[in-house]
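# predicted model and sequence follow; I will ask about them next.
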Amino acid sequence: MNPESNETLLARLAERAGASDLFVLRRITGDRFAHLGGAGGGERWAGVVEVGLDESTLVRDALVGNRIARVSTPGASNVFGPYFASAAVAVPVPPDTVVVLGQGAGDIPMLDAEELRTLAVEASAAIEHVSPAKRLADELEVLHAARAMSEGPSDTVVAAMQHVVECAAASLSCELGVLYLRDPERVAVANRGWPLDTDDARVLGAMRELWSREERCPLCVQVASEDRLPAPFARSAGIRSYYLLSLRSPELLLLVMHTDALPRGFTTLCQELGLKLVAAAHDVLTQAMTREHLRDEIKRLNAESRRDALTGLGNRLAWDEAIAGGLPAARSPISVIVLDVDDLKQANDSFGHPFGDEVLRAVADVLRACVRDCDLVARFGGDEFGILLPGTDEVGCEHIASRIGRTLVDHPGVRSLPLSVSLGYATCGAGRSLEEATAAADLRLVEGKSVRRSRRLSA
């Protein structure tokens, strides 16, 4: 017979038995059986299901006892491997074949034993092996899924993780999937329409707990109640079977789950596909983590290049870029304060440069404490500082300048030596540019220092 007539025959045999699915299981080793073909789910899963006698009471009873075995439950339950049904009949075909008839919902008519044995012999005779076309189709399915995984986004770790878990859940026809990355700790969830009352915190807690099973991975559990998942993925949440896979570099767990939406387990093809998907996910996530690390490093270096090493304030580059950018016009008016630390040279000469550095750091702390987060405080070099105050008019600028003065007066000083600065300020807007305001503040600073110097000399 050609493959098409075999398919037709098997479908007719299943219909004759009142079953939606027909499976032909043949021994491949002492206690292992492979599914070669059938009808309904048995046709789709040809060549991708293996079952052991220790895994299926129904198959064991039929083969070992050489008798027809039946099972019937109110709802779908595990019959063998990934197959769930509400009713099933296993018929032995000596010496090494078992034919299983199943019904996803409802029961199977009580055919007499002789008719069932005749039907099973016909089904067994129709299938000698899995067709090359079916094997090729399965291999292409694995290749396509792995390729789709490897072509995912790798710009950010978050996007890469979401792609990985959604691709895995879709490729394995699972309603739920979770991907857990240990360092930096993150979690991504794929929910393909299954109602689940939870949040990221509970999911994260569950995946942390599951990490203790990492050494058992890959872990395929066809009946979730036999090896329970932690909440929120307990059996009460409708989880029927799950597959847990891991990687060590980067450290991650992938959990995919079948639910009550369509009770079933994982075929050998699914298990093979899961391993291929995790291997492909390694490359996607590694690229994303490398790119994110490089972006963070560039950001850090950019920030350091604009930071004064001594005080932690902005430096001349940060100041010049802010001036050149003009700051957003929407934040106008903008005020400028420029400052010099009084008598810093004399302090350096008298007490040494480490003392002068302490003075500069103390002044920087005062300036930082007197402004807002949106303001820019910079040290130009030596004893010179500047402050940009976006959205601050003349009154506000005078208020901040006065606050700086009062704070310096109240400061205990450095080694009992009081802190003192000279400052000038100005506001841009209404025809005055930011550069012009800065020049006006500089001029006010110089004039103020000149007045104080004159007073000191006259005294």
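Perfect, thanks for sending it. Residues are numbered from 1 along each chain as shown.

# that's a strand at Ala76, yeah?
Yes. Per DSSP: H, G, I helix; E, B strand; the rest coil, Ala76 lies within a strand segment.

# quick one: the strands in the stretch 151-300 of the chain?
Ranges of strands within the stretch 151-300 of the chain are 176-182, 185-191, 219-221, 239-248, 251-259, based on DSSP state E, counting those that start in this stretch.

# Cys270 is nearest to which of the ones you listed?
Using Cβ to Cβ as the measure, strand 239-248 is the one of these that comes nearest Cys270, at 7.1 Å. Backbone N, C-alpha and C define where each C-beta goes, glycine included.

# what's the burial count for the residue nearest to Arg235 when sequence neighbours are not counted?
Closest residue to Arg235 apart from its sequence neighbours, by Cβ to Cβ, 6 or more residues apart in numbering: Ser225 at 4.8 Å. Number of residues near Ser225 (other Cβ atoms under 10 Å) recorded here: 13.

# if I look at Ser225, how far off is Val98?
Separation of Ser225 from Val98 (Cβ to Cβ, to the nearest Å): 25 Å.

# can you add distance to Phe351 and give the strands of the stretch 151-300 of the chain back as JSON lines?
Putting the strands of the stretch 151-300 of the chain into JSON lines (distance: least, Cβ to Cβ, whole Å) gives the following:
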{"stretch": "strand 176-182", "distance to Phe351": "51"}
{"stretch": "strand 185-191", "distance to Phe351": "49"}
{"stretch": "strand 219-221", "distance to Phe351": "68"}
{"stretch": "strand 239-248", "distance to Phe351": "56"}
{"stretch": "strand 251-259", "distance to Phe351": "53"}
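
# for Arg453, find the nearest of those.
It's strand 185-191; of the strands of the stretch 151-300 of the chain, that one is closest to Arg453 (Cβ to Cβ) at 59.8 Å.

# and that closest one, what does it pack onto?
helix 157-171, strand 176-182, helix 200-210 (3 or more Cβ pairs under 8 Å, 6 or more residues apart in numbering; DSSP states H and E).

# tell me which of these sits most buried.
Per residue and on average, the most neighbours among the helices and strands packed on strand 185-191 fall to strand 176-182, with a mean of 23 (mean count of other Cβ atoms under 10 Å).

# and it, what does it pack against?
By 3+ Cβ pairs under 8 Å, 6+ apart, strand 176-182 packs against helix 157-171, strand 185-191, helix 200-210, strand 251-259.

# the last one vs strand 185-191, what angle?
With axes from the mean of the first three to the mean of the last three Cα atoms, to 10 degrees applied, the angle from strand 251-259 to strand 185-191 works out at 20 degrees.

# please apply the same query to the first one.
For the pair helix 157-171 and strand 185-191, the angle between their directions (the same axes, to 10 degrees) equals 40 degrees.

# per-residue confidence for Glu139?
pLDDT, the model's per-residue confidence, is 70 for Glu139.

# what about it, how many neighbours?
12.

# now it: how far from Leu219?
Computed as Cβ to Cβ, the Glu139 to Leu219 distance reads 25 Å.

# then Ala441?
68 Å.

# for Arg70, same thing?
Counting by Cβ to Cβ, the gap from Arg70 to Leu219 is 31 Å.

# show me the chain divided up by domain.
3-130, 135-294, 316-458 (automatic domain parsing).

# assign a three-state SS to Trp90, would you?
Not quite, residue 90 is Ala, not Trp. Ala90 is classified as strand under three-state DSSP.

# who is it paired with across the strands?
On the basis of DSSP bridges, Ala90 is bridged to Ala69, Val100.

# quick one: it from Val24, how far?
11 Å.

# shared neighbours, those two?
Val99 (Cβ atoms under 8 Å, 6 or more residues apart in numbering).

# tally of neighbours for the closest residue to Arg70 other than its chain neighbours?
Computed as Cβ to Cβ, 6+ apart, the closest residue to Arg70 that is not its neighbour in sequence is Val89, at 5.2 Å. When neighbours are counted by other Cβ under 10 Å, Val89 registers 27.

# same question, the one 10 residues further on
Using other Cβ under 10 Å, Val99 has 28 neighbouring residues.

# report the contact partners of the residue found closest to it once you drop the neighbours it is linked to in the chain.
In this structure, Val99 finds its nearest non-sequential neighbour in Ala120, 3.8 Å apart by Cβ to Cβ, 6+ apart. Residues near Ala120 by Cβ under 8 Å, 6+ apart: 91-93, 97, 99.

# please redo it, this time with the cut-off set to 10 Å
13, 17, 22, 24, 62, 68, 89-93, 97-101 (Cβ atoms under 10 Å, 6 or more residues apart in numbering).

# do the same with Pro82
Pro82 makes contact with 35, 41, 45, 48-49, 51, 220, 222, 240-241, 258, 263-271 under the criterion Cβ under 10 Å, 6+ apart.

# number of residues surrounding the residue nearest to it when sequence neighbours are not counted?
If the residues on either side of it in the chain are set aside, Pro82 comes closest to Gly265, at 3.1 Å by Cβ to Cβ, 6+ apart. Neighbours of Gly265 under the rule other Cβ under 10 Å: 24.
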